[in-house]
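Enquirer: all I have is the shape, not the residue letters:
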């Protein structure tokens, strides 16, 4: 029974190891474009700006208060932003995402290539998610185990404030994305699995008592 319990735990760990940790790519370019009508328009304009006149591109260790100036020493106005976060999901669950940004001309969010958020107004979160009109909030996304991509596009006229992108799993606390992010959520055990676990603990306890 003890061996069966250990085997079940080993299988669960193997499944959790099947998804990849996050890779966060942050890119900026010059753009004096104003607010766009659709999420697809934001994607098109930003991709063109980043490709044609890049300020810089880097892979972040942590997505927590970053800006064009702090990363690339570039200007604080007329900026196109593109953030691409590839992350691993270890098991099926419900995920939520939020991003605090400084996009004076708005922006859009895509999840696995599909538009999930759009804001065409001036977005200045001022490091507070209370400013709901100035943040992106994507809630209740049912994702399956495997690898997924979150992409954020934005246009800033002035003045390049720090940005942050976070995630939450099954209604839990929000955490900032980092290079170590792996959304490993344990599946709810079946009743027989509980039985195996309890039996295994009983065996361990019995062995400990005999040794004493």
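Expert: Okay, I see it. What you see is a predicted model, and the numbers here were worked out from it, not measured in a lab.
Enquirer: and residue 139, how many neighbours?
Expert: If you count neighbours by other C-beta atoms under 10 Å, residue 139 ends up with 12. (Each C-beta comes from the backbone N, C-alpha and C, glycine too.)
Enquirer: can you tell me the element it falls in?
Expert: Counting by DSSP states H and E, the element that carries residue 139 is strand 135-143.
Enquirer: averaged pLDDT, that strand. What do you get?
Expert: If you average the pLDDT over strand 135-143, you get 97.
Enquirer: next: stretch 161-170.
Expert: Averaging pLDDT along stretch 161-170 yields 97.
Enquirer: following element in sequence after the strand holding residue 139, please.
Expert: Following strand 135-143 in sequence order, the next helix or strand is strand 146-158 (DSSP H and E).
Enquirer: one step back: what does the strand holding residue 139 rub up against?
Expert: 89, 92-101, 107, 109, 111, 116-117, 119, 123, 125, 129, 152 (C-beta atoms under 8 Å, 6 or more residues apart in numbering).
Enquirer: partner strands of that strand, parallel or antiparallel?
Expert: In the sheet, strand 135-143 lines up against strand 93-100 (antiparallel) (DSSP bridges).
Enquirer: what angle separates the partner strand from strand 146-158?
Expert: Inter-element angle recorded for strand 93-100 and strand 146-158: 20 degrees (by axes from the mean of the first three to the mean of the last three C-alpha atoms, to 10 degrees).
Enquirer: for strand 93-100, buried residues please.
Expert: Going by neighbour count (16 or more other C-beta atoms under 10 Å), the buried part of strand 93-100 is 93, 95, 96, 97, 98, 99, 100.
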